[in-house]
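1. Need coordinates for the following:
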Amino acid sequence: MARHQRKKKGRPVSGWLVFDKPKGMGSTDAVSKIKWLYGAEKAGHAGTLDPLASGMLPIALGEATKTVPYVQDGAKVYRFAVTWGQERTTDDLEGEVTKTSDLRPGEAEIRAAMPKYTGVIMQVPPQFSAIKIAGERAYDLAREGETVEIPAREVEIGRFDLIEMPDADTAVFEIECGKGTYVRSLARDMGRDLGCYGHISELRRTEVFPFTPEDFVTLPELEQAATPVSPPMSEEGQEERRSRPGPAEWAALDALLLDTGAGLDCLPQVTVSDDTAARIRLGNPVIVRGRDAPVEADEACAFAHGRLVAIGAIEAGMFRPKRVFAG
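-> Residues are numbered from 1 along each chain as shown. Sure thing, here's the model as predicted:
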């Protein structure tokens, strides 16, 4: 007997939502909320943001989930406050205090310490992190009371600015950094170097390349878009509509999405016609045309009318698709 193909749940909506995650919401909870609002088949995010933190959490829906790795690798910008005088188990405001100091660094001392944390550096992730140790997450081991040795790893901080010192206990910084950088580790290590200890008390991610603050969509904006717009109906009908957005609301929600290919600014791009796009989607290589078109590229993407067609390689002037996207 032929095996029945499992029917997918949800609708095939695709695109990027650049969500301004509020403080207190976990990244997984945010993805679940967005997936539910959009009635989407698939959803995922491009880089965890701690519940304590707010700011940019790019969420991919549908076909855009195939492009998540490219956004995960993008540079990120964080603005954060370090409170001096206490080191905590989680290296942020939520953990238990483990060390204290009455010393407070001055501006000159802080600025003198900052060059050590600029450029390519070695950094030990926090005990409460998603790093795997012998197959288990470090935060799971930490919650069980274990202290584990987490090996240092190479990260890159391209820009590190001291923004302000609102009081003797607090300094506000902004950094632009690469994948895998832990801001909590930065606060911990600076506090130790300055002899005063420190932890993160405020954290906001403002950019994940190629997205900018202009792309932000807030939770109130989403809730407004999801508000029923249908004609008056019975109380029972209204309650049913409130339980989940439907087609009338999806149009307003979809208008908040960026195109599936919006996260691929890191790749060379070629523009193709509709006929050529159809050939590419069938897996066929095509000649790359245009004066500025690259002749060779390990990875590149093809667009038709501003919409992503495929990711592939360009060899001897031929675009060879490796991953195609629905039209």
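
2. Please list the residues outside stretch 167-176 that contact it.
-> 75-85, 104-105, 110, 157-166, 181, 183, 186, 201-202, 207 (Cβ atoms under 8 Å, 6 or more residues apart in numbering). From N, CA and C alone the C-beta is placed, and that goes for glycine too.

3. okay, the residue nearest to residue 43 when sequence neighbours are not counted: pLDDT?
-> Excluding its sequence neighbours, the residue lying closest to residue 43 (Cβ to Cβ, 6 or more residues apart in numbering) is residue 35, at 3.8 Å. pLDDT recorded at residue 35 is 94.

4. Can you tell me the number of residues neighbouring residue 35?
-> Neighbour count of residue 35, defined by other Cβ atoms under 10 Å: 18.

5. wait, residue 36 sits on residue 253?
-> No. Using Cβ atoms under 8 Å, residue 36 is not in contact with residue 253, being 11.1 Å away.

6. Quick check: neighbours shared by those two?
-> With Cβ under 8 Å, 6+ apart, residue 36 and residue 253 have no common neighbours.

7. between these two, which one's more packed in?
-> Applying other Cβ under 10 Å to residue 36 and residue 253 shows that residue 253 carries more neighbours, namely 22 against 14.

8. before we move on, back to that, derive a PyMOL selection command for the buried subset of the contacts of stretch 167-176.
-> Burial among the contacts of stretch 167-176 is assessed by 16 or more other Cβ atoms under 10 Å; the matching PyMOL selection reads:
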select buried, resi 75+76+77+78+79+80+81+82+83+84+85+104+105+110+157+160+181+183+186+201+202+207
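
9. Can you list which of the contacts of stretch 167-176 are found in strands?
-> Counting by DSSP state E, the part of the contacts of stretch 167-176 found in strands is 76-84, 157-166, 201-202, 207.

10. From residue 320, how far out is residue 279?
-> Separation of residue 279 from residue 320 (Cβ to Cβ, to the nearest Å): 12 Å.

11. Likewise for residue 100?
-> 60 Å.

12. With residue 192 instead?
-> For residue 192, the distance to residue 320 (Cβ to Cβ) stands at 51 Å.

13. For the two, indicate the residue with more neighbours.
-> A direct count of neighbours by other Cβ under 10 Å for residue 192 and residue 320 places residue 320 higher, at 16 against 13.

14. so that one, which of the three states?
-> Secondary structure state of residue 320, per DSSP: H, G, I helix; E, B strand; the rest coil, is strand.

15. Spit out the contact partners of the closest residue to it other than its chain neighbours.
-> Sequence neighbours aside, residue 285 is the residue nearest to residue 320 in space, at 4.4 Å (criterion: Cβ to Cβ, 6+ apart). Neighbour list for residue 285: 318, 319, 320, 321 [criterion: Cβ under 8 Å, 6+ apart].

16. Export those as TSV, with columns for distance to residue 25 and pLDDT.
-> Converted to TSV, the contacts of residue 285 look like this (distance: Cβ to Cβ, whole Å; pLDDT from 0 to 100):
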residue	distance to residue 25	pLDDT
318	46	90
319	41	94
320	41	95
321	37	95
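
17. Can you say which of those are buried?
-> Those of the contacts of residue 285 that meet the buried threshold are 319, 320, 321, by 16+ other Cβ under 10 Å.

18. ok, residue 205 - how many residues close by?
-> For residue 205, the neighbour count with other Cβ under 10 Å is 22.

19. ok, and it, which helix or strand is that part of?
-> strand 198-208 (DSSP states H and E).

20. downstream neighbour of that strand in the secondary structure list?
-> strand 217-218.

21. Give me the contacts around that following strand.
-> Contact with strand 217-218 is made by 17, 18, 19, 20, 256, as judged by Cβ under 8 Å, 6+ apart.

22. So what pairs up with the first one in the strands?
-> Translated: residue 17. Counting by DSSP bridges, residue 17 is bridged to residue 59.

23. Would you mind measuring from it to residue 56?
-> Distance from residue 17 to residue 56, by Cβ to Cβ: 11 Å.

24. ditto for residue 85
-> Residue 85 is 30 Å from residue 56, by Cβ to Cβ.

25. do residue 68 as well
-> Taken as Cβ to Cβ, the span from residue 68 to residue 56 is 14 Å.

26. between the two, which one's more packed in?
-> Shown here are residue 68 and residue 56; by other Cβ under 10 Å, residue 56 has more neighbours (25 against 18).

27. so what does the helix or strand harbouring the more buried one touch, helix or strand wise?
-> Residue 56 belongs to strand 54-61 when assigned by DSSP H and E. Strand 54-61 is packed against strand 15-21, helix 27-38, strand 43-45, helix 68-72, strand 198-208, with contacts defined by 3 or more Cβ pairs under 8 Å, 6 or more residues apart in numbering; DSSP states H and E.

28. Can you name the residues in contact with it?
-> Contact with strand 54-61 is made by 13-23, 27, 30-31, 34-35, 38, 40, 42-47, 49, 67-68, 71, 78, 203-208, 211, 213, 216, 257, 263, as judged by Cβ under 8 Å, 6+ apart.
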